[in-house]
Every structure is written in structure tokens, then in C-alpha cells.
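A.B. asks: Need a 3D model of the following:
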Amino acid sequence: MILFNTTFNLDPAVEKEWIDWARDVYFTLALDSGYVRKHHLMKLRYETENSGSTYSLQLFFEKDSHLEKFLEEYEYKAMENLAVRFGSNAVFFQTILDVVI
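C.D. replies: Numbers count the residues shown, from 1 in each chain. Here you go, the predicted model:
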């Protein structure tokens, strides 16, 4: 199993709207793609260095080919939409991990 993780730091002014976007737009798009096995949205409990709130948006895939197709067909467009909608109020970085246990 493969985990595609996107970590976001959000300005407090857009946090509620971003959570709505993650739930109603991003996760709907991801699940409707047929490639995503499961998903989670996690919030960092203790924030020491950054201002705002930090979230981890997690998508799990069975195969590399599913992740690759998802990235090509959905992810890049979704992140473009996010950049237009939230600008610098929602910054992120992405990682790909192999689930070990």
C-alpha cells in the first residue's frame, strides 16, 4: 500500500473554508476517481514553530499505477484550484511513502 501525503499550513482566516474544500471537493474528487483505497484528514495537535494550523491530508493507493494515474488525471488540477482559491493562505508539501506495517 502507498500513502500519498499532503501537509498543509493554513492561515486561521481560511481554516474552516479549507476544511470544507478538503471534505466536499478534494476527497469527493479523490474517491470518485476510483484509484483511492482510503483517506484521512489529520490535524497536528501541537504547533510550536508555524503560525496557523497544520493538517495532513492522506490518500492510500493499492498500486503505483493507481497513484500515477491519480496524479496525472486529478491531483495537479486540484492543487491548481487550491492555489487559485486560497493563494498563500494554504501552503503545502507532498510526500509519497510505502506502508510497512
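
A.B. asks: drop to CA atoms for contacts and neighbour counts, all remaining ones
C.D. replies: Noted.

A.B. asks: Without its sequence neighbours, what residue ends up closest to Phe8?
C.D. replies: In space, and not counting its chain neighbours, Phe8 is closest to Phe92: 4.3 Å by C-alpha to C-alpha, 6 or more residues apart in numbering.

A.B. asks: Does that neighbour belong to a helix, a strand or coil?
C.D. replies: Secondary structure, DSSP: H, G, I helix; E, B strand; the rest coil: Phe92 is strand.

A.B. asks: Surely it is in contact with Thr6?
C.D. replies: Yes: when contacts are counted by C-alpha atoms under 8 Å, Phe92 is listed as touching Thr6 (6.5 Å).

A.B. asks: Report the buried residues of the longest helix along the chain.
C.D. replies: For the chain, the helix with the greatest residue count under DSSP state H is helix 76-86. By 16 or more other C-alpha atoms under 10 Å, the buried positions in helix 76-86 come out as Leu82, Phe86.

A.B. asks: chain center to that helix: distance?
C.D. replies: With C-alpha atoms, centre = their mean, to the nearest Å as the basis, helix 76-86 stands 11 Å off its chain's centre.

A.B. asks: Kindly report the same for stretch 1-21.
C.D. replies: The answer for stretch 1-21 is 6 Å, by C-alpha atoms, centre = their mean.

A.B. asks: With stretch 58-68 instead?
C.D. replies: That offset, for stretch 58-68, works out to 13 Å (C-alpha atoms, centre = their mean).

A.B. asks: Quick one: end-to-end distance for it.
C.D. replies: 15 Å (C-alpha to C-alpha, to the nearest Å).

A.B. asks: who's in contact with Leu82?
C.D. replies: Applying C-alpha atoms under 8 Å, 6 or more residues apart in numbering, we find Leu82 in contact with Ala90.

A.B. asks: From Ile2, how far out is it?
C.D. replies: 23 Å.
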